[in-house]
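Colleague: quick one, what's the 3D model for this:
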Amino acid sequence: MKLPIEEFLKKRKESKPAYVFDLREMEIYEQDHLAGAYNLPFEHLESNLARLPYSGDILLYDGGEGVAEQAGAVLDENGFSDFSYVEEGYEKIKEALQGSAYDIKLATSKDDPKEVQMEVMQNLLDFEINPMVASHGGFFTLIDVSENNVYVQLGGGCQGCGMADVTLRQGVEQRMREVFPDMVALIDTTEHADGENPYYQAGK
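Modeller: The predicted model follows:
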């Protein structure tokens, strides 16, 4: 479904989960893109259909060259129903975001008040981290941001998962430090032994 830019941005912010895909070439995407957007160049769309989420809203944008509409047609032909796109292109979307209520803040520092730090870290979980781990049945909950430490709790398939620490340290923590360069530590408050697949605990 084609949407006006404002409706697209509203859906991006309010839908949970929402998966935003940038259909431009990787080199262009890496220069600048919507916060939380995944890169999926149009020519690779059909070969990656099996990896796209079948639940949640799929949102598509391009550089204004018309491939977002073509991508929508491909999704429709392959049984996807919850998708939307804009045809105006990234630069127009970026202009519309300036001062918009639908902007998503994904940058903070030690000088920001706690409520801003909390907002930014919650945005990161909502728009990047949780959509990523949802495919494994997991989710992250933000517990607190205090003295530049970020406290999270893992749930679902992440609680008790033997790979949780790898995901936390090699993926989530690295991304959090990009968003919050002054972060001292990412602290996992999860009781993993209570999960469905708890860590092996030696001697017990």
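Colleague: quick one: residues contacting the spatially most central residue of the chain.
Modeller: The residue lying closest to the centre of the chain (Cα atoms, centre = their mean) is Glu128, at 1.7 Å. Neighbour list for Glu128: Gly36, Arg175 [criterion: Cβ atoms under 8 Å, 6 or more residues apart in numbering]. Glycine gets a C-beta too; all of them are placed from N, C-alpha and C.
Colleague: any idea how far Glu147 is from it?
Modeller: In this view, Glu128 and Glu147 are 24 Å apart by Cβ to Cβ, to the nearest Å.
Colleague: helices along this protein, start to end?
Modeller: Assigned by DSSP state H, the helices in the chain fall at 5-14, 26-31, 67-77, 90-97, 114-124, 130-133, 164-166, 173-179.
Colleague: any chance of those in a markdown table, plus mean pLDDT?
Modeller: Compiled in a markdown table, those are given as follows (pLDDT from 0 to 100):
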| stretch | mean pLDDT |
| --- | --- |
| helix 5-14 | 91 |
| helix 26-31 | 93 |
| helix 67-77 | 96 |
| helix 90-97 | 94 |
| helix 114-124 | 94 |
| helix 130-133 | 75 |
| helix 164-166 | 57 |
| helix 173-179 | 89 |
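Colleague: of the ones you listed, which approaches Asn48 most closely?
Modeller: helix 67-77 (10.7 Å; Cβ to Cβ).
Colleague: now that closest one, how far from the centre of its chain.
Modeller: In this view, helix 67-77 has its centroid 22 Å away from the chain centroid, taken as Cα atoms, centre = their mean, to the nearest Å.
Colleague: so what touches that helix?
Modeller: Outside helix 67-77, the residues that touch it by Cβ under 8 Å, 6+ apart are 1-2, 21, 23, 42, 45-46, 49, 52, 58, 60-62, 83-87.
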